[in-house]
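Peer 1: Everything below, folded, please.
(one chain, ligands or ions: 1)
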Amino acid sequence: MRSQFRNSIFLGLLTLLGVSCSTTSVPTFPSAEKRERSDFVAHGKQGMIATAHPLASQAGLDMLQHGGNAVDAAVAASFAISVLRPQSTGIGGGGFLLYYQEDKRSASAYDFRERAPQRAHRDMYLDSSGKPKGFSYAGKTIPDASVNGHLSVGVPGLVAGLLRAHRDFGSLPLSIVMAPAIKIAIEGFPVNLELANAIVRRLEVLKNFPGSAEIFVPKGKPLQLGQLLKQSDLAKTLRLVSLHGADVFYKGEIAEKILAEMQAGKGIISAGDLRNYAVKIRQPLVGEYHGYQVLAMPPPSSGGVHIIEMLNMLAGDDLQKVGFHQLESIHLLTEVMKRAYADRAKFLGDMDYVDVPLDRLLSKEYAFRLRSQIKPQRITPSLELAKAPQVPHESPSTTHISVVDRFGNGVSTTQTINFTFGSGVVARGTGIVLNDEMDDFSIKEGVPNAYQLVGGEANAIEPGKTMLSSMSPTLIVGAEGKLEMVVGSPGGSHIISATLQTIINFLDYKLPLDQAVHAYRFHHQWLPDEIEVEYGVMPLKSVLTLQQRGYKVRVATRGMGDVQAIARSENGWIGVSDTRSIGKSLGY
Ligand code: DON
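Peer 2: Below is the predicted model:
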């Protein structure tokens, strides 16, 4: 209570001083239980898993301890977290997975992100006057058809992706790997604060769709903190997948129910879209930073490209000398972020459809040129870097899982249904929350998406194309091909900056991993032209110094990201789950 009071005075003071806050309510990192920082840290000699829910981590740990490898553990945890965080991820969504095999020194990148349906077209979310249009359902118009309702759904890829990774590298039977998720769906779990809050936040959308209302707003009342959430339809769906594989999802009984839901809501996903869904195995990006190899996800993730681009810009700086969380270092990093996010808007899209100047964006020479434009005394106005406009929001959705096994192999995977509860639609009879990933396309050049990201031509909608993502699963490999770090985060546009800051906090500032993860974060995404800072954790003095220095400062009302990280330690592995959420690392 006292800290809430202190927080509101703090926000009030900032408002008086002209620092913009996106809400006047008091934000806290939403943890249902009071836990110490050390509760978010684990040590293990042989293996480690870090996820955003203790039961998902337990599912993964069970696999590791029963002879499974990192892929078995990651797949078990992914299915489990689909049940445990229906607001963030699920089998109605998609994601990316990077896998590193120490003995072969090889890495694989799985792209199982959603694709645009064949009937999708460039201006499908614009009305006749070119403005973003609403979604009509049961005689009502719900705003923003690219975010809410059946039209916002991309063809889901999670089931195909996880099963493909499991087929390629898993060692335990699928029935064993999926068992924890099915058990949690049948037996239920107590609703935590994050889930309860997410339902309230999306209530206006969820309550319109019978399949969603039935589960999350039973009898018209949002699920309450502590209530047991059982998902019997989802349990049946998962069991079908565990018995019959991906075909039942894309061609069989589950596909039929998804298609029936599409028909009921005038969605455009067809039987052909589901039948033809294909996972793409891509070549991971490889960067070099202080002698480490940085393995990252290639487009349609923008995260990998820009993390390497930013690390390249920083490679010549002695960050320890510049200072940790000092005005000079915040300025330098902000200028670096601005340039990378400007490039994101200009160049990035699905490389199967558009040319992306990857070689240039990843080259050291290009980074050197960008770095040389950055001056200690000058705040570069964003519009000097490229031209375009803006609008607000951030949702506690998406999730990241990091795993290492006893062989030294690692998985870094980020998965999402995009916005909180995705489209808000559950396909009746399946328990599947359908994504709203179509909003990650640029629905019109210059019109920002739900994360205020502005996109361009390269990310315009086309049938079959994959929408651009910020998800940045990353692996860092050291000398002799040994995995050193596994890291990633949810957080919309904050994913890239949260992952970058965790990496440099660990590699450059040499902070212990827990401090590298917990340290306050800041963010600049080119547009809007403002630095966003983490409320309450960044000292007021620093906020004011930035403002005096000429920065437009926005105070974030929630923690930025929810990093799940693992690093090699003296005795094996250390795992750290972000205190910004309720995750847990478990090792053995
Ligand atoms: O792929 C992306 O970049 C977004 N759909 C991720 C959304 C997200 O992280 C929301 N989380 N807070």
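Peer 1: does the residue nearest the centre of the chain count as helix, strand or coil?
Peer 2: Against the mean C-alpha coordinate of the chain, by Cα atoms, centre = their mean, the closest residue is residue 490 at 2.8 Å. Using DSSP: H, G, I helix; E, B strand; the rest coil, the structure places residue 490 in coil.
Peer 1: Surely it touches residue 562?
Peer 2: Yes - with contact defined as Cβ atoms under 8 Å, residue 490 counts as touching residue 562 (5.3 Å). From N, CA and C alone the C-beta is placed, and that goes for glycine too.
Peer 1: residues in this structure within reach of the ligand, list them.
Peer 2: Contact residues (Cβ under 6 Å from any ligand atom) of the chain with the ligand: 395-398, 416, 418, 437, 440, 469-471, 490-492, 495.
Peer 1: repeat that with 8 Å
Peer 2: Within the chain, the residues that sit near the ligand (Cβ under 8 Å from any ligand atom) are 88, 113, 301-303, 394-398, 414, 416, 418-420, 437, 439-440, 450-451, 467-471, 490-495, 561-562.
Peer 1: tell me the contacts of the residue nearest to the centre of the chain?
Peer 2: Neighbouring residues of residue 490 by Cβ atoms under 8 Å, 6 or more residues apart in numbering: 52, 88, 396, 397, 398, 399, 400, 414, 416, 471, 561, 562.
Peer 1: Highest neighbour count among these?
Peer 2: Using other Cβ atoms under 10 Å as the neighbour criterion, residue 400 leads the contacts of residue 490 with 37 neighbours.
Peer 1: Quick check: which element contains that residue?
Peer 2: If you go by DSSP states H and E, residue 400 is part of strand 399-404.
Peer 1: okay, now the domains of the protein?
Peer 2: Split into domains by automatic domain parsing, the chain comes to 2-41+282-394+471-587, 58-76+113-281+422-455.
Peer 1: average pLDDT for the longest one?
Peer 2: When pLDDT is averaged along domain 2-41+282-394+471-587, the result is 87.
Peer 1: helices or strands up against the helix of greatest length in the chain?
Peer 2: Using DSSP state H, we find that the single longest helix of the chain is helix 327-347. With contacts defined as 3 or more Cβ pairs under 8 Å, 6 or more residues apart in numbering; DSSP states H and E, helix 327-347 has these neighbours: helix 303-314, helix 319-322, helix 364-373, helix 382-385, helix 494-507, strand 522-523, helix 540-548.
Peer 1: can you tell which of these is closest to residue 142?
Peer 2: Closest to residue 142 of the helices and strands packed on helix 327-347, according to Cβ to Cβ: helix 494-507, at 26.2 Å.
Peer 1: Can you point out the buried residues in that closest one?
Peer 2: Buried residues in helix 494-507, counting neighbours by 16 or more other Cβ atoms under 10 Å, are found at 494-507.
Peer 1: List the residues that contact the residue of the stretch 151-300 of the chain found nearest the ligand.
Peer 2: Residue nearest to the ligand within the stretch 151-300 of the chain: residue 300 (8.7 Å; Cβ to the nearest ligand atom). Going by Cβ under 8 Å, 6+ apart, residue 300 touches 111, 113, 349, 350, 351, 466, 467, 468, 469.
Peer 1: out of those, who's nearest the ligand?
Peer 2: Nearest to the ligand among those is residue 469, at 3.2 Å by Cβ to the nearest ligand atom.
Peer 1: May I ask you to confirm that that closest one is in contact with residue 113?
Peer 2: Yes - Residue 469 is within contact range of residue 113, at 6.2 Å (criterion: Cβ under 8 Å).
Peer 1: ok so, going back, could I get the helices and strands packed on helix 327-347 in a markdown table, plus columns for distance to residue 515?
Peer 2: Shown next, in a markdown table, are these (distance: least, Cβ to Cβ, whole Å):
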| stretch | distance to residue 515 |
| --- | --- |
| helix 303-314 | 19 |
| helix 319-322 | 14 |
| helix 364-373 | 26 |
| helix 382-385 | 31 |
| helix 494-507 | 7 |
| strand 522-523 | 16 |
| helix 540-548 | 17 |
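Peer 1: and residue 277, which of these is closest to it?
Peer 2: The nearest among those, by Cβ to Cβ, is helix 303-314 at 22.5 Å.
Peer 1: now the angle from that closest one to helix 494-507?
Peer 2: Angle of helix 303-314 versus helix 494-507, following axes from the mean of the first three to the mean of the last three Cα atoms, to 10 degrees, is 40 degrees.
Peer 1: Would you confirm that residue 68 contacts residue 166?
Peer 2: No - between residue 68 and residue 166 there is no contact under Cβ under 8 Å: 10.2 Å.
Peer 1: Quick check: neighbours shared by those two?
Peer 2: Each of residue 177 lies in contact with both residue 68 and residue 166 under the rule Cβ under 8 Å, 6+ apart.
Peer 1: Could you report the neighbour count for residue 488?
Peer 2: Other residues near residue 488 come to 32 when the count uses other Cβ under 10 Å.
Peer 1: need the contact list for it.
Peer 2: Residue 488 neighbours (Cβ under 8 Å, 6+ apart): 400-402, 412-414, 471-474, 495, 499, 563-564.
Peer 1: gap between residue 83 and residue 235?
Peer 2: Distance of residue 83 to residue 235, given as Cβ to Cβ, to the nearest Å: 8 Å.
Peer 1: list the residues that contact both of those two?
Peer 2: Contact criterion Cβ under 8 Å, 6+ apart; residues shared by residue 83 and residue 235: residue 185.
Peer 1: between the two, which one's more packed in?
Peer 2: When residue 83 and residue 235 are compared for neighbours, residue 83 comes out ahead with 30 against 20, by other Cβ under 10 Å.
Peer 1: helix or strand for the more buried one, which one?
Peer 2: Taking DSSP H and E as the criterion, residue 83 maps to helix 70-84.
Peer 1: Select only the buried ones of the contacts of residue 300 in PyMOL?
Peer 2: Buried residues within these, by 16+ other Cβ under 10 Å, are selected in PyMOL with:
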select buried, resi 111+113+349+350+466+467+468+469
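Peer 1: residue ranges of the strands in the stretch 351-500 of the chain, please?
Peer 2: For the stretch 351-500 of the chain, applying DSSP state E, counting those that start in this stretch gives strands covering 399-404, 410-416, 426-427, 432-433, 474-477, 483-487.
Peer 1: which stretch among those strands comes nearest residue 290?
Peer 2: Closest approach to residue 290 among the strands of the stretch 351-500 of the chain is made by strand 474-477 (10.0 Å; Cβ to Cβ).
Peer 1: Surely residue 406 and residue 64 touch.
Peer 2: Yes - using Cβ under 8 Å, residue 406 is in contact with residue 64, at 7.4 Å.
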